[in-house]
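# coords please:
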Amino acid sequence: MLPRDPGQPHRTASPLELFFDLVFVVAVSIASAQLHHALSHADFLHGITSYAMVFFAIWWAWMNFTWFATSFDTDDWLYRVTTFVQMGGVLVLAAGIPRVFGEGDFTLPVIGYVVMRIAMVGQWLRASRSAGPLRAATRRYALGIVAVQVLWLLFLLVPAGAPQLVAFVVFALIEVSIPVFAEHRHQTPWHPHHVTERYGLFTLIVLGESLLASANAIIEALGEVQALAPLIAISVLTLGVTAALWWIYFWPPHHRAIGTFPRSLGYGYTHYLVFAAAAAFSAGIEVELDVLTGESHLPSVVASFTVTVPIAVFLLAVWWIAIRGNADRVVNAVVPLGAVLVLLDPVLPIPVTLTALILAVVVVVLVLRPPVDRAAQGPGE
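Below you'll find the predicted structure:
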């Protein structure tokens with residue numbers, strides 16, 4: 001398991017990586033569905049905190065696998081079997097998500113998460129045998145992961161409520177500090193195009209959840225409403241908004257955003273907001289449909305914010321990590337401004353309409369003003 005060449009030409013996601021992503025489709029879908037039910041019943045604090053905690057486990061396990069794969073993927077039989085074990089852990093975690101939202105019971109998610117992470121320890125220890133100068137870094141990864149898994153098992157003993165939330169935040173901060181601890185002297189090699197392709201593929205997964213959620217909600221609502229026009233309108237607008245978010249995310253050349261270790265950390269960590277917001281957007285669309293069909297009694301303004309707040313977070317996060325450094329002054333003004341303006345969506349009586357119009361304007365600006373390569377420009381340009 002030798003370190004991969006970060007300059008390897010035509011490096012793309014492997015079939016195993018794509019297969020690995022499928023189990024995360026299940027986990028994200030269940031988490032989004034549970035958030036939808038919580039928001040629709042006005043259970044905001046518990047619903048949002050539960051979603052944030054569950055999504056952390058989904059995001060961090062996926063991200064760790066992705067960065068390990070870009071550095072040490074051998075795709076031999078042992079690597080594949082270990083990856084399958086991680087996939088099983090994801091499914092266990094996904095099976096326990098409803099109990100987190102319903103009862104505050106984290107037992108299954110913690111078990112599934114620990115299974116994933118211990119399998120990752122095996123990968124790091126295997127890599128350490130032939131990592132050369134990176135041996136110390138690979139062993140620090142293994143040591144750090146094992147230590148934090150002990151903390152997550154102790155997390156199950158923490159009383160529910162504020163103590164549990166505080167413990168989660170502390171343990172999560174320790175967890176995300178492991179790469180800094182492991183790589184502070186020698187960095188494992190990463191392939192910029194491969195890594196950013198993997199992030200792009202996961203973004204497609206969470207954006208696809210919005211299309212699936214709206215389609216399923218509309219199918220269920222067809223027998224409950226007399227007027228189809230509002231349903232059709234929301235469906236069309238959801239497609240337009242999702243397409244705009246896709247356009248905005250893939251507008252900048254993401255591989256330029258991870259040129260250094262600190263920037264790669266910022267890119268990876270900020271994607272928690274990108275992924276979580278995109279999946280929450282699908283929950284918001286379902287909330288809007290619940291209000292339309294009478295399944296939810298949320299005020300229309302509140303229901304609108306379940307859609308627009310995730311979109312605003314998504315736009316700001318993507319702008320910060322990838323657009324900001326590849327855009328001119330106009331784009332760097334329009335994208336953050338668009339993120340703020342979508343919060344005014346309740347001004348119009350038809351849900352998602354103003355948001356769709358604002359995002360369409362943002363996309364037009366991006367079409368007219370392509371990315372700029374600041375590194376290739378002179379000091380005065």
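# list the buried residues for the least confident helix or strand in the chain by mean pLDDT?
Within the chain, confidence by mean pLDDT, DSSP states H and E is lowest for helix 192-221 among all helices and strands, at a mean of 84. Residues of helix 192-221 classed as buried by neighbour count (16 or more other C-beta atoms under 10 Å): 192-199, 202-203, 205-211, 213-214, 217-218, 221. To be clear about C-beta, it is placed using only N, CA and C from the backbone, and glycine gets the same treatment.
# can you list contacts of the following helix or strand past it?
Later in the chain than helix 192-221, the nearest helix or strand by DSSP states H and E is helix 229-249. The contact list for helix 229-249 (C-beta atoms under 8 Å, 6 or more residues apart in numbering) reads 200, 203-204, 207, 210-211, 214-215, 218, 221-222, 225, 274, 278, 281, 285, 288-289, 292, 311, 314-315, 318, 322-323, 335, 350-353, 355-356, 359-360, 362-363, 366.
# got the angle for whichever helix or strand comes after helix 229-249 vs helix 192-221?
Counting by DSSP H and E, the next helix or strand C-terminal to helix 229-249 is helix 261-293. Angle, helix 261-293 to helix 192-221, by axes from the mean of the first three to the mean of the last three C-alpha atoms, to 10 degrees: 10 degrees.
# chain center to helix 261-293, what's the gap?
6 Å (C-alpha atoms, centre = their mean, to the nearest Å).
# show me what that helix is packed up against.
Judged by 3 or more C-beta pairs under 8 Å, 6 or more residues apart in numbering; DSSP states H and E, helix 261-293 is in contact with helix 15-40, helix 44-72, helix 192-221, helix 229-249, helix 300-318.
# for Met1, find the nearest of the ones you listed.
helix 44-72 (5.1 Å; C-beta to C-beta).
# tell me which residues in whichever helix or strand comes after that closest one are buried?
Of the helices and strands lying after helix 44-72 in sequence (DSSP H and E), the nearest is helix 77-103. Neighbour-count burial for helix 77-103, counted by 16+ other C-beta under 10 Å, picks out 79, 83, 86-87, 89-90, 92-98, 100-101.
# cool, stretch 146-162 as well?
148-149, 152, 155.
# same thing with stretch 312-321?
312-321.
# determine how far it lies from the middle of the whole chain.
12 Å.
# what does that stretch rub up against?
With C-beta under 8 Å, 6+ apart, stretch 312-321 has contacts from 245, 248-249, 257, 266-267, 270-271, 273-274, 276-278, 281, 332, 335-336, 338-340, 342-343, 362.
# how about a cut-off of 6 Å?
Stretch 312-321 has contacts (C-beta atoms under 6 Å, 6 or more residues apart in numbering) with 249, 257, 267, 270, 273-274, 277-278, 335-336, 339, 342-343.
# now do stretch 191-211
6, 11, 13, 25, 28-29, 32, 66, 70, 242, 246, 249, 254-255, 258, 271, 275, 278-279, 281-282.
# among those residues, name the buried ones.
6, 11, 13, 25, 28-29, 32, 66, 70, 242, 246, 249, 254, 258, 271, 275, 278-279, 281-282.
# can I get stretch 133-149 in PDB? Just the C-alpha atoms.
The C-alpha coordinates for stretch 133-149 follow below in PDB (Å, rounded to 0.1, in the frame of the first residue of the first chain):
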ATOM      1  CA  PRO A 133       8.500   8.900   5.600                       C
ATOM      2  CA  LEU A 134       4.800   9.000   6.100                       C
ATOM      3  CA  ARG A 135       4.800   6.100   8.600                       C
ATOM      4  CA  ALA A 136       4.600   8.300  11.600                       C
ATOM      5  CA  ALA A 137       1.600  10.200  10.100                       C
ATOM      6  CA  THR A 138      -0.300   7.000   9.300                       C
ATOM      7  CA  ARG A 139       0.300   5.700  12.900                       C
ATOM      8  CA  ARG A 140      -0.800   9.000  14.400                       C
ATOM      9  CA  TYR A 141      -4.000   8.600  12.400                       C
ATOM     10  CA  ALA A 142      -4.600   5.100  13.700                       C
ATOM     11  CA  LEU A 143      -3.900   6.200  17.300                       C
ATOM     12  CA  GLY A 144      -6.100   9.200  17.100                       C
ATOM     13  CA  ILE A 145      -9.000   7.400  15.600                       C
ATOM     14  CA  VAL A 146      -8.900   4.600  18.200                       C
ATOM     15  CA  ALA A 147      -8.700   7.100  21.100                       C
ATOM     16  CA  VAL A 148     -11.800   9.100  19.800                       C
ATOM     17  CA  GLN A 149     -13.800   5.900  19.300                       C
END
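# which residues sit against it?
114, 117, 121, 124-125, 127-128, 131, 174-175, 178, 181-183, 186, 188.
# list only buried entries from those residues.
Neighbour-count burial (16+ other C-beta under 10 Å) applied to the contacts of stretch 133-149 gives 114, 117, 121, 124-125, 127-128, 131, 175, 178, 182-183, 188.
# can I get the helices and strands packed on helix 261-293 in TSV including distance to Asp373?
Formatted as TSV, the helices and strands packed on helix 261-293 follow (distance: least, C-beta to C-beta, whole Å):
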stretch	distance to Asp373
helix 15-40	28
helix 44-72	23
helix 192-221	14
helix 229-249	19
helix 300-318	19
